[in-house]
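>>> Here is my input; please provide its structure:
(one chain, ligands or ions: 1)
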Amino acid sequence: MEKKYRPETLCVQEGWSPKKGEPRVLPIYQSTTFKYDNSEQMARLFDLEDSGYFYTRLQNPTNDAVAAKIAALEGGVAGMLTSSGQAANFYAVFNICESGDHFVCSTAIYGGTYNLFSVTMKKLGIEMTFIDQNASEEEIQKAFRPNTKCLFGETISNPGCEVLDIEKFARIAHRNGVPLIVDNTFATPINCRPFEWGADIVTHSTTKYMDGHATAVGGAIVDSGNFDWDVHADKFPGLTTPDDSYHGLTYTKSFGKMAYITKATAQMMRDLGSIQAPMNAFLLNLGLETLHLRVKRHCENAQRIAEWLSQNDKVAWVNYSGLPDNPYHSLAQKYLPNGSCGVIAFGLKGSREEAIRLMDSLKLICIVTHVADARSCVLHPASHTHRQLSDEQLREAGVAPDLIRLSVGIENVEDLIADIEQALG
Ligand SMILES: *Cc1c(COP(=O)(O)O)cnc(C)c1O
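Numbering: from 1, shown residues only. The predicted structure follows:
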């Protein structure tokens, strides 16, 4: 779109601009291949000299329209969809890190990302150092090495609900000549746009609020176009020296601000192939059309419920950054002035059995391994995802044995409170 529209308009209209007689609604291009008139046209595509579609593993019009919408919402230059949030975070780092390299990451991240970075990427020869995101800049600086290639954190961590000081992280990353990658899944660009605070690359599990209805697993990477790879050319040879797999093309020379995202598509996706199915991109787009309405409602409902829980004498503690006495409240006011997300962590007085009793007594709020969709749900990590651990081991893993993760949906908030109230007994 030519004019700069506001987020609500982008949610509804960005990405797909039909011409005369074309479908008003983004179509599903359910085709692996695309037709050309002569051999020369196709050859130019393979050399990245022309842009166009030839095989859906590299690019597909449905996916590109949705990626463009997400990029516009984040204020980036371009985006790419992936098959899952896991694939997005893997590609985002692997696009600039290779065997022998190192990166730095906050401990306050999603469990799947934790395993990917600390176990699987290590097997590829990429080392990672965890840091406490609330530590001082001097302390975090100590984790950096000459071969460090990026810094990584989550705007709002899953499941801990910790808020990242993005400006501090951007300062540290840039002082070390590396980009800051931020997983913005929980905040969504409706509540926070990390590029405005200095982040260079943003990732998403679109499975959560963006899809919003728990219908399609997916991910996205958005490039701000702001990081100057050529200034740190020695650190990023994959972007600043010729790529043998494209006849010696150099991404920064040929694509400028689009170098990183072009490499991610033309090389990572070509070779690793974790594409989002066009059907899933279509579902994601339907979700995005109402993202601005849903996120607002998730936050309003969660704020009310967090306040209600903190007043209840059966509740031991509540972690929600919208509460004034929350340790992340001031960071949330800076980075998330319109609200954080719908996820609340809380604990009940008494033993872990109290948590189980509460969850089994809920009628409207369901027990599911998911967060951040329209339906309210709960999970008790100690009984589910982390059930093999003792109380002691749970605390070491940063999960309180009594922690209940409540993902507040967009139902009527009085109905949700009534359900929690009857379940508390
Ligand atoms: C769920 C999640 C992921 C992983 O995404 P999938 O779509 O499940 O692969 C990554 N980061 C965050 C913050 C998440 O909540």
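>>> going forward, measure contacts between C-alpha atoms and count neighbours the same way
Noted.
>>> Can you name the residue of the stretch 101-250 of the chain nearest to the ligand?
Residue nearest to the ligand within the stretch 101-250 of the chain: Ser205 (4.2 Å; CA to the nearest ligand atom).
>>> residues in contact with the nearest residue to that residue once chain neighbours are set aside?
Distances taken as CA to CA, 6 or more residues apart in numbering place Gly85 nearest to Ser205, at 3.7 Å, with adjacent residues excluded. Gly85 makes contact with Thr203, His204, Ser205, Thr206, Thr207, Val217, Gly218, Gly219, Ala220, according to CA atoms under 8 Å, 6 or more residues apart in numbering.
>>> Count the neighbours of Leu283 for me.
Leu283 is flanked by 19 other residues according to other CA atoms under 10 Å.
>>> Confirm that it sits in a helix.
Yes. Membership of Leu283 in a helix is supported by DSSP: H, G, I helix; E, B strand; the rest coil.
>>> List phi and psi for the closest residue to Leu249 other than its chain neighbours.
Excluding its sequence neighbours, the residue lying closest to Leu249 (CA to CA, 6+ apart) is Pro242, at 5.0 Å. Per-residue torsions, Pro242: phi -60, psi 140 (degrees, to the nearest 10).
>>> what does Phe130 give?
According to degrees, to the nearest 10, Phe130 has phi -80, psi 140.
>>> All further residue positions should be reported with the first residue as 59.
Noted, 59 is the first residue going forward, which turns the last one into Phe188.
>>> Do you have the strands of the chain handy? List them.
136-140, 160-164, 185-189, 206-212, 238-241, 259-263, 277-281, 373-377, 401-406, 424-425, 435-437, 462-465 (DSSP state E).
>>> Quick one: residues in contact with the fourth one.
Pointing back at strand 206-212 there. Residues contacting strand 206-212 (CA under 8 Å, 6+ apart): 151, 154-155, 159-164, 166-167, 221-222, 227, 231, 236-243, 293-294.
>>> Give me the distance between Trp375 and the ligand.
Remark: distance between Trp375 and the ligand (CA to the nearest ligand atom, to the nearest Å) = 22 Å.
>>> for Val471, same thing?
23 Å.
>>> ok, that residue - contacts?
Asn359, Arg362, Ile363.
>>> give me the beta-bridge partners of the residue of the stretch 159-308 of the chain closest to the ligand?
Using DSSP bridges, the bridge partners assigned to Ser263 are Gly277.
>>> One more: Phe210?
Cys163, Ile239.
>>> excluding its backbone neighbours, what's nearest Asp449?
The nearest residue in space to Asp449 (CA to CA, 6+ apart) is Pro459, at 5.6 Å.
>>> okay, now Cys357: neighbour count?
22.
>>> pretty sure it contacts Pro395?
No. Between Cys357 and Pro395 there is no contact under CA atoms under 8 Å: 11.3 Å.
>>> Wait, Glu185 touches Glu156, no?
No. Assessed by CA under 8 Å, Glu185 is found out of contact with Glu156, at 9.6 Å.
>>> Which of these two has more residues huddled nearby?
Shown here are Glu185 and Glu156; by other CA under 10 Å, Glu185 has more neighbours (21 against 17).
>>> Bridge partners for the more buried one, pull those for me.
Assigned bridge partners for Glu185, using DSSP bridges, are His160.
>>> Give the full set of residues in contact with it.
Contacts for Glu185 were tallied using CA under 8 Å, 6+ apart; they are Gly158, Asp159, His160, Phe161, Ser176, Met179.
>>> Where does the prediction get shaky in the chain?
Low-confidence segments of the chain (pLDDT under 70): 59-61, 452, 454-457.
>>> again, only this time at 80
59-61, 106, 440, 443-457 (pLDDT under 80).
>>> Tell me the residues of it that contact the ligand?
By CA under 6 Å from any ligand atom, the residues of the chain that approach the ligand are Ser142, Gly143, Gln144, Tyr168, Asn216, Thr243, Ser263, Thr265, Val275, Gly276, Gly277.
>>> 8 Å instead, please
141-147, 167-168, 170-171, 212, 214-217, 241-244, 262-266, 275-277, 428-429 (CA under 8 Å from any ligand atom).
>>> What's the ChimeraX syntax to select whichever of those residues are buried?
The buried residues among the residues of the chain next to the ligand can be selected in ChimeraX (16 or more other CA atoms under 10 Å) with this line:
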select :141,142,143,144,145,146,147,167,168,171,212,214,215,216,217,241,242,243,244,262,263,264,265,266,275,276,277,429
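>>> Run through the helices of the stretch 309-458 of the chain in chain order.
Secondary structure of the stretch 309-458 of the chain by DSSP state H, counting those that start in this stretch: the helices cover 309-313, 317-321, 328-330, 336-347, 349-369, 387-393, 410-419, 449-454.
>>> Counting by contacts, list what the fourth one packs against.
Spelled out, it's helix 336-347. helix 65-71, helix 119-132 (3 or more CA pairs under 8 Å, 6 or more residues apart in numbering; DSSP states H and E).
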